[in-house]
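*Asks:* all I have is the shape, not the residue letters:
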Ligand SMILES: Cc1cc2nc3c(=O)[nH]c(=O)nc-3n(C[C@H](O)[C@H](O)[C@H](O)COP(=O)(O)OP(=O)(O)OC[C@H]3O[C@@H](n4cnc5c(N)ncnc54)[C@H](O)[C@@H]3O)c2cc1C
């Protein structure tokens with residue numbers, strides 16, 4: 001079964017259960033406020049833990065979803081490999097080639113960690129000149145870590161940031177939609193855990209200005225929600241995890257799980273890391289490699305392959321396939337301060353970013369088409385209109 005969050009298949013469908021009324025929510029919020037005002041006892045505090053209340057502003061403010069508010073619709077292709085992403089070193093004559101590609105729907109999440117593992121593959125080599133093929137999030141984070149380790153780096157890339165998949169990604173920090181549990185080896189799972197842990201730490205450690213912040217995520221389902229692999233295996237990376245009882249949230253579904261994690265805004269993050277790379281003496285060269293041999297002909301003796309989906313053709317990796325995703329953008333709304341995942345009739349999620357509200361989505365394996373599909377847009381809008389209809 002795919003370790004997917006992007007929209008857990010089990011989250012599909014909604015019951016149409018009536019939304020909690022705003023008055024009821026205000027009542028709950030009022031009661032909580034009253035408890036605080038009268039000097040809440042330890043017992044009272046424990047009671048609230050038993051019935052965890054949302055942490056977001058009260059009452060929740062829903063995004064305004066309608067077709068006439070759509071700013072744009074975009075499509076991207078996740079570089080998906082059922083057995084998981086590749087971090088591996090190989091030696092080809094005088095060249096050392098280190099792969100770092102195939103991160104599916106979790107490449108933003110895993111970037112620092114996977115790139116740290118890739119750079120570790122260069123151990124034993126004296127820092128000198130290195131080539132990084134690919135200017136998406138894997139290429140940029142690999143390049144920055146190499147620079148920190150004393151390497152002089154050139155990024156060779158067909159596309160600059162704006163045109164990469166990384167600039168399309170939603171940016172939720174969740175290592176999901178990356179592999180299928182029955183296809184992954186124990187070796188891969190160890191690599192995956194390490195990458196997730198390193199990446200989580202690194203994102204937290206960046207300081208301000210990188211477009212990274214903590215946010216509540218609400219997973220919604222008509223059926224009881226399965227704990228995804230990453231929540232079972234990496235619980236320390238997620239805080240405030242709770243199953244919310246009816247009446248403590250406004251969502252029109254019976255099963256709601258709250259998880260606090262990060263959101264990474266690609267438009268801010270990628271440009272900031274690019275600027276760091278340039279400031280540290282890095283340079284870009286626009287190249288479109290037609291073959292492995294062409295890539296290996298660059299002058300640097302150490303080459304990192306961070307070409308995402310491009311690795312399929314360059315390295316004949318036929319397991320690597322696109323998973324097409326479609327996103328619908330609405331104007332930003334700073335008072336919307338939570339993520340939702342699920343609760344719709346298909347893949348559904350809502351991410352509030354500073355520049356836009358992102359509504360997703362789709363996960364269409366093997367689909368190379370680049371056009372946005374009107375039917376998918378309509379379904380995404382309808383799902384979210386229904387989800388937020390009872391909020392006010
Ligand atoms: C709709 C959608 C939503 C997503 N949401 C999330 C999310 O919420 N959280 C999350 O963690 N991840 C998410 N992802 C996944 C994430 O965006 C990807 O896993 C990640 O961007 C992959 O990064 P990359 O650097 O490997 O690939 P890319 O960003 O595709 O970069 C590859 C680079 O290689 C270059 N290249 C390729 N071939 C060649 C060649 N032959 N010669 C020269 N250069 C070449 C390209 O020009 C590009 O610069 C989402 C993806 C999509 C599409």
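*Replies:* All right, it came through fine. The model shown is predicted, which means the values in this text are computed figures rather than measured ones.
*Asks:* which bits of the stretch 201-350 of the chain sit near the ligand?
*Replies:* Residues of the stretch 201-350 of the chain lying close to the ligand (Cβ under 6 Å from any ligand atom) are 287-289, 306-310, 314, 325, 327. Where you see a C-beta, it was placed from the backbone N, CA and C, and this is true even at glycine.
*Asks:* redo that, cut-off 8 Å
*Replies:* For the stretch 201-350 of the chain, the contact set with the ligand under Cβ under 8 Å from any ligand atom comprises 264, 266, 287-290, 295, 306-311, 313-314, 323-327, 349.
*Asks:* let me see the ranges of the strands in the stretch 51-200 of the chain.
*Replies:* Counting by DSSP state E, counting those that start in this stretch, one finds strands in the stretch 51-200 of the chain at the ranges 72-80, 86-92, 95-101, 129-133, 152-157.
*Asks:* off-centre distance for the third one?
*Replies:* The one in question is strand 95-101. Remark: strand 95-101 is offset 24 Å from the chain centroid, using Cα atoms, centre = their mean, to the nearest Å.
*Asks:* skip the chain neighbours and tell me the closest residue to residue 211.
*Replies:* Distances taken as Cβ to Cβ, 6 or more residues apart in numbering place residue 268 nearest to residue 211, at 2.8 Å, with adjacent residues excluded.
*Asks:* where does this protein have low pLDDT?
*Replies:* With pLDDT under 70 as the threshold, the chain has low-confidence stretches at 1-58, 392.
*Asks:* the helices in it, which residues?
*Replies:* For the chain, helices defined by DSSP state H occupy the ranges 22-37, 42-50, 107-120, 137-148, 186-204, 229-233, 266-279, 292-296, 311-315, 374-388.
*Asks:* ok, what's across the strand from the closest residue to residue 171 other than its chain neighbours?
*Replies:* Leaving aside its sequence neighbours, residue 171 sits nearest to residue 264 (Cβ to Cβ, 6+ apart; 4.4 Å). Here residue 264 sits in beta bridges with residue 212, going by DSSP bridges.
*Asks:* burial check on residue 264, number of neighbours?
*Replies:* If you count neighbours by other Cβ atoms under 10 Å, residue 264 ends up with 24.
*Asks:* my read: the residue nearest to residue 211 touches residue 206, true?
*Replies:* No: counting by Cβ atoms under 8 Å, residue 268 does not reach residue 206; the two are 11.1 Å apart.
*Asks:* tell me how far whatever residue of the stretch 201-350 of the chain ends up closest to the ligand lies from residue 270.
*Replies:* Nearest residue of the stretch 201-350 of the chain to the ligand: residue 310, at 2.1 Å (Cβ to the nearest ligand atom). Distance of residue 310 to residue 270, given as Cβ to Cβ, to the nearest Å: 17 Å.
*Asks:* quick one, strands of the stretch 251-392 of the chain?
*Replies:* Using DSSP E, counting those that start in this stretch, strands in the stretch 251-392 of the chain cover 255-264, 283-286, 302-305, 321-330, 338-342, 349-352, 357-360, 364-365.
*Asks:* dump those into a markdown table; add distance to residue 114 as well.
*Replies:* Supplementary listing: those in a markdown table, determined by distance: least, Cβ to Cβ, whole Å:
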| stretch | distance to residue 114 |
| --- | --- |
| strand 255-264 | 14 |
| strand 283-286 | 21 |
| strand 302-305 | 11 |
| strand 321-330 | 17 |
| strand 338-342 | 23 |
| strand 349-352 | 22 |
| strand 357-360 | 22 |
| strand 364-365 | 21 |
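*Asks:* might you name the residue of the stretch 151-300 of the chain sitting closest to the ligand?
*Replies:* residue 169 (2.7 Å).
*Asks:* re earlier: filter the residues of the stretch 201-350 of the chain next to the ligand down to the buried ones, PyMOL style.
*Replies:* In PyMOL, a selection of the buried entries from these looks like this (16 or more other Cβ atoms under 10 Å):
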select buried, resi 264+266+287+289+295+306+307+308+309+310+311+314+323+324+325+326+327+349
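*Asks:* adding distance to residue 253, write the helices of the chain out as TSV.
*Replies:* Below are the helices of the chain laid out as TSV (distance: least, Cβ to Cβ, whole Å):
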stretch	distance to residue 253
helix 22-37	15
helix 42-50	21
helix 107-120	25
helix 137-148	32
helix 186-204	28
helix 229-233	18
helix 266-279	29
helix 292-296	48
helix 311-315	38
helix 374-388	8
